[in-house]
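> Predicted coordinates and the sequence they were generated for:
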Amino acid sequence: MLSSALASITSTSAAVFMSMERVVVVGGGVIGLSVARAITRAKKSIEVFVLEKEQRAGTSTTSRNSGVIHAGLYYNPNSLKNDLCLKGKKRLISYLQERSLPLNVCGKLVVATSPEEHSKLDAIATRCKSNGLEGLQVLTSNEVTSLYESHVSCK
């Protein structure tokens, strides 16, 4: 990850990085720890210090992560946000599978709560197809309540 980032910066910046003996990363959440890991992989001899305001790493914002891997339903096709979402999803799933870590691919249920919202669902479905998302199913109200969620009100 960091190696590919280094390839895209100027040779002067890369030379400065490679000459460093110590680096301080501020924040011991998922991002800070990922950056620290990438730095140590890019340059084995570097000392990396992670500063965290909490008593333990990963107990602030990171600990409140919902654990959802976003599918990219709402992002415009060919946008950077969509591209990063889809690539990140693919990389995260591969990472988890390679390490035999638990993953529950349960899908997402998007419903219309009134007939006026049907056009919004159609737009989301079109965007999903444009973004290359797989597994899209259009369900009736009865199918939603009997198969997935008995307490949802969809029209």
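Sure, I can see it.

> Tell me how the chain divides into domains.
2-63, 66-148 (automatic domain parsing).

> Next secondary structure after the lengthiest helix in the chain?
In the chain, taking DSSP state H as the definition, the longest helix is helix 80-98. Later in the chain than helix 80-98, the nearest helix or strand by DSSP states H and E is helix 118-130.

> Which elements pack onto the helix or strand following that next one?
Once the chain leaves helix 118-130, the next helix or strand it forms, by DSSP H and E, is helix 141-143. Helices and strands touching helix 141-143, by 3 or more C-beta pairs under 8 Å, 6 or more residues apart in numbering; DSSP states H and E: there are none. Every C-beta, even on glycine, is put in place using the N, C-alpha and C of the backbone.

> Contacts for helix 141-143 next, please.
Contact partners of helix 141-143, identified using C-beta atoms under 8 Å, 6 or more residues apart in numbering, comprise Cys154, Lys155.

> Kindly recompute the last result at 6 Å.
For helix 141-143, contacts defined as C-beta atoms under 6 Å, 6 or more residues apart in numbering pick out Cys154.

> Kindly report the same for stretch 87-97.
Ile69, Leu103.

> so where's this structure uncertain?
1-12 (pLDDT under 70).

> mind redoing it with 80?
Counting by pLDDT under 80, the chain contains low-confidence ranges at 1-18, 62-66.

> Any buried residues in the longest helix of the chain, and which?
Across helix 80-98, burial judged by 16 or more other C-beta atoms under 10 Å covers Asn82, Cys85, Leu86.

> For Cys154, which of the domains of the chain is the nearest?
Across those, Cys154 has its closest neighbour in domain 66-148 (3.7 Å, C-beta to C-beta).

> would you list the domains of the chain in JSON lines and tack on distance to Lys155?
Below are the domains of the chain laid out as JSON lines (distance: least, C-beta to C-beta, whole Å):
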{"stretch": "domain 2-63", "distance to Lys155": "37"}
{"stretch": "domain 66-148", "distance to Lys155": "5"}
